[in-house]
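Asks: the following comprises the amino acid sequence and a computationally predicted model.
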Amino acid sequence: TIPMYLSIHWMENRLVIDPNHRSWTDNSTGPTNETTEEAETLKNLWRPNLEIYGLEAFNNHKILGEMAGLRINKGRVVKYDIKVTVEISCQMDFTQYPFDEHVCAFQMGSYFY
């Protein structure tokens, strides 16, 4: 079980960006050249198809709402961060017990490609 902030970013060339909009120079909600959006905005955007290999459980953390953030930069890179707890399975060899050691890889990729 791994509690983490999962951060994913991808290029979305189809976004129409107004390079002169004041949000690119205003750093009141984050770095300059980035705009902070509500996480729900993600529903309106294309998203990569992700798979976590060996995934057993995936839980989002919520308090008043989902603990997530969405930023889009001037170069059309979408950044999505979310607080999650992930449970993965991995092979373990107990032949050296009680001196055994285990390393479980956390691997994520596209389930189409």
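Replies: Cool, got the structure. Quick caveat, the model's predicted, so the values are computed rather than measured. Numbering: from 1, shown residues only.
Asks: so, low pLDDT: which residues of this protein?
Replies: Judged by pLDDT under 70, the chain has its weakly predicted residues at 113.
Asks: please save the CA atoms from the lengthiest strand in the chain in PDB.
Replies: For the chain, the strand that runs over the most residues, judged by DSSP state E, is strand 77-88. The C-alpha trace of strand 77-88 is given here as PDB (Å, rounded to 0.1, in the frame of the first residue of the first chain):
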ATOM      1  CA  VAL A  77       1.200  21.100 -21.000                       C
ATOM      2  CA  VAL A  78      -1.600  19.800 -18.700                       C
ATOM      3  CA  LYS A  79      -0.500  18.900 -15.200                       C
ATOM      4  CA  TYR A  80      -2.800  16.900 -12.900                       C
ATOM      5  CA  ASP A  81      -2.000  16.100  -9.300                       C
ATOM      6  CA  ILE A  82      -4.100  13.900  -7.000                       C
ATOM      7  CA  LYS A  83      -3.700  12.500  -3.500                       C
ATOM      8  CA  VAL A  84      -4.300   8.700  -3.700                       C
ATOM      9  CA  THR A  85      -3.500   5.500  -2.000                       C
ATOM     10  CA  VAL A  86      -2.400   2.700  -4.300                       C
ATOM     11  CA  GLU A  87      -2.200  -1.000  -3.500                       C
ATOM     12  CA  ILE A  88      -0.100  -3.100  -5.900                       C
END
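Asks: within its sheet, name the partner strands of that strand and how each one runs.
Replies: Taking DSSP bridges as the criterion, strand 77-88 forms sheet pairs with strand 2-11 (antiparallel), strand 55-60 (antiparallel), strand 68-73 (antiparallel).
Asks: list the buried residues for the first one?
Replies: By neighbour count with 16 or more other C-beta atoms under 10 Å, strand 2-11 contains the buried residues residue 6. Where you see a C-beta, it was placed from the backbone N, CA and C, and this is true even at glycine.
Asks: hmm, who's touching whatever helix or strand comes next after it?
Replies: Taking DSSP states H and E as the definition, the helix or strand that follows strand 2-11 towards the C-terminus is strand 34-37. When contacts are taken as C-beta atoms under 8 Å, 6 or more residues apart in numbering, the neighbours of strand 34-37 outside the stretch itself are 23-24, 29-30, 69-74, 79.
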